[in-house]
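In: Got a sequence here, can you model it:
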Amino acid sequence: MSALTRNDYRTLTLAALGGTLEFYDFVIFIFFAGAISQLFFPPDMPDWLRQVQTFGIFAAGYLARPLGGIIMAHFGDLFGRKRMFMLSILLMAVPTLLIGLLPTYASIGIAAPLLLLALRLLQGAAIGGEIPGAWVFVAEHVQQRHVGFACGTLTAGLTGGILLGSLVATAVTRSYAPEELLAEGWRVPFILGGAFGLVSVWLRQYLHETPVFRELQERQQLADELPLKTVVREHRPSVVLTMLMTWLLSAAVVVMILMTPTLVQKLYAIPAATALQANSIATLFLSIGCIVFGALSDRFGAGRVLAAGCVGLGTTSWLFYSRMAVAPDDIYTLYALNGFFVGAIGVIPGAAVQAFPAPVRFSGLSFSYNVAYAVFGGMTPVLVSLLLPLDRMAPAHYVIALSVLGVGLGLYLSRRPQGGVASVRG
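Out: The predicted structure is shown next:
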C-alpha cells in the first residue's frame with residue numbers, strides 16, 4: 001500500500017486546521033445558549049420556552065445550509081474546489097464577529113433576537129459550502145486507498161472546532177462570575193471567532209486545486225448542464241443513502257456533543273464548568289475516533305466499520321445518560337467513551353464522497369448532506385427539548401434509534417459497490 005506523500009499530509013493538515021477554526025465559529029453559539037436565552041428574549045418568558053426558542057435559532061443555521069451549500073457546490077463543480085473553499089471562510093467570519101457585538105433585548109427589544117436569527121442564517125449558508133467542499137477537496141487530493149483516512153482526518157479537524165469551542169467556553173466560564181458573563185463575557189468567544197476566520201483565510205491560500213478537478217478541466221469533462229439537475233435525475237440512490245447517513249451523523253453530534261453539556265446541567269444539576277470540561281474530553285476522543293474509524297474503513301470497508309461503530313454509539317449513549325442520574329462523578333470516563341464511538345461518523349464522509357462521480361461530486365454531496373442536515377439537524381434540538389418533559393432519557397433514546405439505522409446502513413454499504421474518487425472516472 002502506497003503511503004501518503006508529504007504534500008498529502010500538508011494538504012490534510014491545512015484543510016483540517018482551517019476547518020477547525022471555521023466550525024468553531026458555527027458551534028460556539030450552543031455553548032452559550034443559556035446566556036443567550038436570558039439576554040435575547042423577554043425576562044418574563046418561561047425558562048423552558050426561552051430555551052426552546054434559543055435552540056430554535058441555533059437550528060435555523062441548519063435551515064440555511066442547503067441554499068449556501070448548493071450555490072457554492074454549483075460553482076465548485078464548474079470553476080474549482082479551492083475558490084469556494086476560501087469563500088466559505090469569509091462568509092462565516094463576519095457574522096460571528098457581529099454576533100459578539102449585538103445589542104441585547106434590554107437595549108433594542110424584539111430586534112435583538114431577529115438580528116441574531118439573521119446572522120445565524122448567514123453562518124448556516126457559509127457552513128453549507130464548507131463541510132462538503134472540504135471532504136471533496138481532501139478526497140480528491142489522496143489516492144483511492146486513503147480516502148477514508150483523509151475524510152476521517154478532515155472530520156476530526158471539524159470536530160476539533162467543537163473542542164476548541166468547548167475549551168474557550170470553559171475558560172470564559174471560569175474567568176467570569178455569572179453576572180459578568182451575562183454582562184460582557186459571553187461576547188468574547190464570538191469576537192475571537194471573527195479573528196479565527198481571518199486566520200483560516202490566510203491558511204487556505206497555501207492550498208492547491210485538486211488533481212481530479214484539474215484533470216476534469218484538461219479533458220473538458222466538466223458538467224455540461226446544471227450539476228444539481230444531473231444529480232437529481234441520475235443519482236437518486238446515492239442522494240437517499242447520503243441523506244440517511246447524514247441523519248445519523250447529525251443525531252450523534254448534535255445530541256451527544258452539542259446539546260449534552262447544557263442538558264446535563266438542567267437534568268442532573270451538574271455544574272457548568274464540570275459539564276464543559278467533560279465535553280472537552282469527549283470531543284477530543286471524538287476527533288481521535290474519527291481518524292481511527294476512517295482509517296479502519298480503508299482496511300475493512302466502510303459498511304462493516306460503520307455497523308460496528310453504531311453498536312458502540314448506541315450502547316455508550318444509553319450508558320452515559322442512565323448513569324448520570326446515579327453516578328454523576330463518572331461523567332469524564334463515560335463521556336470520553338461515548339465521544340470515541342461518536343467518532344464512528346468519521347466513516348460517513350468517505351462513503352458519501354465515493355457515492356457520486358467527479359463532475360457532479362461537490363453538488364451531489366452538498367445537496368444531499370445539507371438538505372438532510374437542515375431537516376434532521378434542525379429538527380433534533382427542538383424535538384429532544386420537547387420530549388424531555390415526557391422522557392428524561394430522550395436524548396439517549398433518540399441516538400439509539402439512529403444507531404439502529406446506522407447498523408442497517410452499514411450492512412447496505414457492505415453489499416453496495418463503491419465508486420472511485422481519485423480519478424475523473426469516479
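In: Surely Tyr321 and Met393 touch.
Out: Yes. With contact defined as CB atoms under 8 Å, Tyr321 reaches Met393; the gap is 5.4 Å. Every C-beta, even on glycine, is put in place using the N, C-alpha and C of the backbone.
In: more neighbours, these two?
Out: Using other CB atoms under 10 Å, the more surrounded residue of Tyr321 and Met393 is Tyr321, with 26 against 17.
In: quick one: what helix or strand has the more buried one in it?
Out: Assigned by DSSP states H and E, Tyr321 belongs to helix 302-324.
In: what do you get for Lys266?
Out: helix 260-268.
In: Tell me where the stretch 151-300 of the chain has helices.
Out: Per DSSP state H, counting those that start in this stretch, the stretch 151-300 of the chain carries helices over the ranges 178-180, 187-204, 211-218, 227-234, 236-253, 260-268, 272-300.
In: angle of the longest one against helix 236-253?
Out: Note on geometry: by axes from the mean of the first three to the mean of the last three CA atoms, to 10 degrees, helix 272-300 and helix 236-253 are set 150 degrees apart in direction.
In: Likewise for the fourth one?
Out: Our comparison of helix 227-234 with helix 236-253, counting by the same axes, to 10 degrees, yields an angle of 110 degrees.
In: how about helix 227-234: buried residues?
Out: 227-228, 230-231 (16 or more other CB atoms under 10 Å).
In: For those, give me TSV that also has distance to Met243 and pLDDT.
Out: Listed next are the buried residues of helix 227-234 as TSV, based on distance: CB to CB, whole Å; pLDDT from 0 to 100:
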residue	distance to Met243	pLDDT
Pro227	17	74
Leu228	14	77
Thr230	17	83
Val231	12	85
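In: So, low pLDDT: which residues of the stretch 151-300 of the chain?
Out: Along the stretch 151-300 of the chain, the parts satisfying pLDDT under 70 run over 208-225.
In: so which helix or strand takes in Met72?
Out: helix 65-79.
In: taking the mean pLDDT, what do you get for the helix or strand following that helix?
Out: Downstream of helix 65-79, the next assigned helix or strand under DSSP H and E is helix 81-101. Here helix 81-101 scores 81 as its mean pLDDT.
In: Next one: Gly56 from Leu167, what distance?
Out: Using CB to CB, to the nearest Å, Gly56 is found at 26 Å from Leu167.
In: same question but for Ala401, I mixed them up
Out: From Ala401 to Leu167 the distance is 31 Å (CB to CB).
In: okay, the two: which has more neighbours?
Out: A direct count of neighbours by other CB under 10 Å for Ala401 and Leu167 places Leu167 higher, at 17 against 12.
In: show me the contacts for that one.
Out: Applying CB atoms under 8 Å, 6 or more residues apart in numbering to Leu167 gives the contacts Ser280.
In: Not including adjacent chain positions, what is the nearest residue to Thr380?
Out: Leaving aside its chain neighbours, Thr380 sits nearest to Val254 (4.8 Å; criterion: CB to CB, 6 or more residues apart in numbering).
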